[in-house]
Structures are given as structure tokens and as C-alpha cells.
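[1] one predicted model, sequence on top.
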Amino acid sequence: MTPLKLVGGYGSPYSRKMRAVLRFRRIPFTWIMRGSPDDVGIPDVPVALIPVLVFPGEDGRADEAMIDSTFQIRRLEKMFSERSIIPTDPAIAFLDALLEDYADEWLTKPMFHYRWKYAADIHKASHVLALDRNPLMSPETLKKMSDYIAERQIERLRVVGSNDATTPVIEASYRRLLGLLESHLVAGNRFLMGARPGASDFGLFGQLSQLAHFDPKPAGIAAAENPRVVSWVSHLDDLSSLEVENAPWPSRQDAAAALRPFLIEVGRVHAPFLISNARALRSRASEVRCEIDGLPWVQQPFPYQGKCLKWLREAREALSAPDRKFVDAALESTGAETIFTAQI
Ligand SMILES: N[C@@H](CCC(=O)N[C@@H](CS)C(=O)NCC(=O)O)C(=O)O
């Protein structure tokens, strides 16, 4: 089989997520660093985002490229059946998708915030991300490019809602997540989805590959307080040797119990954001203004995350009545149920 191509960046959480998925799934692929001398001949995609996954065209047709890690994962599930990362029980798959959304759409806030707020973090990211394109770059080009990257990304802190008002909420949510994952591992759960990894595990890994392993401030916090999580991230990066034949997906009871602390965290931070964001988009407000974790939250509306709420609602609606009953019971009193019940 002609290998797929994954075009991304070392410093991009979603690129790292997809590279780990392809490695775990043992799907042949080549990794191409975006902007490097190897990044040639990749078909255009509708929005200039990474990672780009390139599928070889059939019968000599042009290669096909797509973006968006969540949909890339689902497309791969249709193409390859071995070593699936979507739980077979639709109700557990729904919880996995909800936690993947939290990882992709909430944890990106701490990830972007820490990277572009503090001087040492800005210095490391702006230089290393520039050099990732070409480590042989001249010092003059490096200076120009690192200045450009830092300026552009700091300006975009507003996109994820990182500002003085939201800093305590964002930073406390990162520390809590580290603690939750630590407790989950101490309790003997190798992954969010139990004995084998689901899409949510790879979503979590993507963001933590940066937070816990790259950016100095959040990596320092993880190393000092939750070194077990630092090691978990190393493992997730390449699970190609993990055999899954004897690793069943969790039972409904086990999943509901083990995931409850994470669902409470979703209810604490992600749910109020998704709801207020969707309301702001609906009323065409210029700002999302709400309270998260008891503190004020202000940011500009984020259209993509309006779609995320819609997709999550559609996924719940698509469940059979008994599956929905289980899911609703699992979400009850976590706060996460408001994603599905709040009036938008
Ligand atoms: N929902 C998308 C998000 C992808 C995304 O935001 N990628 C970032 C890098 S991690 C990007 O390409 N940003 C545009 C840029 O840096 O120019 C996914 O899951 O793949």
C-alpha cells in the first residue's frame, strides 16, 4: 500500500495527535514537517491548518488531502478496521468523543496561553518552531522568522480567550487536569478508555505533548507535581508495540465510574464556554461574556466551537434510546449535561 502522508509540525498538538494515531494504528505513513524542504506537492486544503492528511489517489488520480483531526480519525476508521480507536459500544464512543472535544477545544486554551504569555515560553517556542522548518536556517532568517511567529501568535491569544481576566481559570484548569490524569493512572487505568486508547486519549496526548513536554512553564509544573503524566505522554507518542487483542474496551459501569471526574471537569469549564460561545454566535454578539469556575470569562466568539456543540448534540441525538439513557445517566449532575440541555 502507498503510505499516507501526514503534514504537520512538532509544535502542533493536533499534528502530534494524528502522528500518534497513525503509529498506534500501524498505518503506513510518512511524516512531513510543514514548511520544510520536504513539504512539496501537497494538495491544497480548504483552510490553511495543520495537520494535513494526504490519501493516495486511486487509479492514478491526484492525491486527496484533508484537515481536521477528528474527521481524519473517523475517515481512517472507515478505511482500516484493525486497532480501532473508537469504542465499539456507541454509548462509550459518545463519551470518548465528548472527552476528545474537551481535549481539542478546551485544553488548547492552556496550551496556547502558556506558550505565548510568558517570556521564557515565548522565546523557546518562537525560535524552536521556526527552526523546526529547517534547523540549518541562517541566524538572520531565524531572527526574522522567530520575531514574526511571536508577534503573530501573541496577537492571537485573544482567539483562545487568554487575557488577564481568564488567566487564573485557564491555569487552574490545567493543574486540575494533571491531577485528574494522575489519579486515573494511579487507579490502574492505562488510558481514558481503559486498557486501550480511544480518540480522547490521543486528543489529550496532543495538547499534553506541548504542555507537559515542551513549553517551559507548564512542563515545569507537570514535572514537579505530576511526573507520572509526563511519562504517560512519552508512552502515548508511540504505542505501535501495544497489543490490543486482549485489551477490551471498558464496560459501561467501569467507563462511567472512571470517567466521572473528567466529565465533572468538562462541566466545570468546557460546558459553560461552549454554551456561552454558541449563544454569542447566535445573537451575533461581539464578545462571549460568562462566568467559568466562578470567575469572569471574556473572549471573542469562536465559530468552529459553535459547530463542535452542534456536532456533539447531533451525536447524542443519533444514539438509540437505551444508549442515550446510559449516556444521560453518566452525565447527570456533572455539569457536562448542560451542553445538551441548555437553551442556545
Ligand atoms: N480542529 C483542527 C484544528 C487544527 C489547528 O488548529 N491547527 C493549528 C496548529 S496546531 C493551525 O494549523 N493553525 C494555523 C496556523 O498556525 O497558521 C484539528 O483538529 O485538526
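    Cool, the structure landed.
[2] just give me the longest helix of the chain.
    Longest helix in the chain, counting residues (DSSP state H): helix 167-186.
[3] could you give the mean pLDDT of whichever helix or strand comes after that one?
    Proceeding C-terminally, helix 167-186 gives way to helix 199-211 as the next helix or strand, assigned by DSSP states H and E. Mean pLDDT, helix 199-211: 98.
[4] equivalent analysis for stretch 305-323, please.
    98.
[5] same question, stretch 171-188
    Stretch 171-188 comes out at a mean pLDDT of 98.
[6] tell me the confidence at Phe71?
    pLDDT, Phe71: 98.
[7] what is the longest helix of the chain packed up against?
    Contacts defined by 3 or more C-beta pairs under 8 Å, 6 or more residues apart in numbering; DSSP states H and E place helix 167-186 against helix 108-117, helix 216-225, helix 227-237, helix 252-265, strand 295-299. The way it works is simple: take the backbone N, C-alpha and C, and place the C-beta from them, glycine included.
[8] now do the SS call for the residue positioned nearest the centre of the chain.
    Geometric centre of the chain, nearest residue: Asp104, 2.7 Å, by C-alpha atoms, centre = their mean. Recorded secondary structure, Asp104: helix (DSSP: H, G, I helix; E, B strand; the rest coil).
[9] what number of residues lie near the nearest residue to it once chain neighbours are set aside?
    Excluding the flanking residues, the one nearest Asp104 by C-beta to C-beta, 6 or more residues apart in numbering is Gly203, at 5.0 Å. Using other C-beta atoms under 10 Å, the number of residues around Gly203 comes to 29.
[10] am I right that Gly203 is in contact with Glu105?
    No: applying C-beta atoms under 8 Å as the test, Gly203 and Glu105 come out as separate, 9.1 Å apart.
[11] kindly report the residues of the stretch 101-250 of the chain close to the ligand.
    Asp104 (C-beta under 6 Å from any ligand atom).
[12] shaky segments in this structure?
    Residue ranges of the chain with pLDDT under 70: none are present.
[13] domain-wise, how is it divided?
    4-79, 90-112+161-341 (automatic domain parsing).
[14] return the most buried member of the ones you listed.
    domain 90-112+161-341 (a mean of 19; mean count of other C-beta atoms under 10 Å).
[15] gap between the two ends of that domain?
    Domain 90-112+161-341 has an end-to-end distance of 20 Å (criterion: C-alpha to C-alpha, to the nearest Å).
[16] gap between Pro28 and Leu129?
    Pro28 is 27 Å from Leu129, where distance means C-beta to C-beta, to the nearest Å.
[17] host element of the closest residue to Leu263 other than its chain neighbours?
    In this structure, Leu263 finds its nearest non-sequential neighbour in Thr334, 4.1 Å apart by C-beta to C-beta, 6+ apart. Following DSSP H and E, one finds Thr334 outside all helices and strands.
[18] got phi/psi on the closest residue to Ser12 other than its chain neighbours?
    In this structure, Ser12 finds its nearest non-sequential neighbour in Ile50, 5.3 Å apart by C-beta to C-beta, 6+ apart. Main-chain dihedrals, Ile50, degrees, to the nearest 10: phi -120, psi 150.
[19] ok, now the one 3 residues further on?
    In terms of degrees, to the nearest 10, the main-chain angles of Leu53 are phi -110, psi 130.
[20] and what of Met33?
    Per degrees, to the nearest 10, the backbone of Met33 is at phi -80, psi 120.
[21] host element of the nearest residue to it once chain neighbours are set aside?
    Setting aside the residues directly before and after it, Met33 is nearest to Asp132 in space (C-beta to C-beta, 6+ apart), at 6.1 Å. Here Asp132, judged by DSSP H and E, is contained in helix 119-133.
[22] list the buried residues of that helix.
    121-122, 124-127, 129-133 (16 or more other C-beta atoms under 10 Å).
[23] which one of these is nearest the ligand?
    Within the buried residues of helix 119-133, distances to the ligand taken as C-beta to the nearest ligand atom reach their minimum at Leu129, with 9.4 Å.
[24] name the nearest residue to the closest one, ignoring sequence neighbours.
    Gly11 (4.6 Å).
[25] next one: Met66
    Met66's closest residue in space is Leu53 (C-beta to C-beta, 6+ apart), at 5.6 Å.
[26] who does that neighbour form a beta bridge with?
    Per DSSP bridges, the residues bridged to Leu53 are Leu6, Met66.
[27] picking up where we left off before, how big is the angle separating the longest helix of the chain from helix 252-265?
    160 degrees (axes from the mean of the first three to the mean of the last three C-alpha atoms, to 10 degrees).
[28] which residues touch helix 167-186?
    106-107, 109-110, 113-114, 117, 161-162, 192, 204, 211-212, 218, 221-222, 225-226, 228-229, 232, 258, 261-262, 265, 268-269, 292-293, 295, 297 (C-beta atoms under 8 Å, 6 or more residues apart in numbering).
[29] quick one: it to helix 199-211, angle?
    Using the same axes, to 10 degrees, helix 167-186 lies at 120 degrees relative to helix 199-211.
[30] what about helix 167-186, distance to the chain center?
    Counting by C-alpha atoms, centre = their mean, to the nearest Å, helix 167-186 is centred 15 Å from the centre of its parent chain.
[31] what about stretch 128-141, distance to the chain center?
    Worked out by C-alpha atoms, centre = their mean, stretch 128-141 lies 26 Å from the chain centre.
[32] show me what residue of the stretch 51-200 of the chain gets nearest to the ligand.
    Closest point on the stretch 51-200 of the chain to the ligand, by C-beta to the nearest ligand atom, is Ser69, at 3.5 Å.
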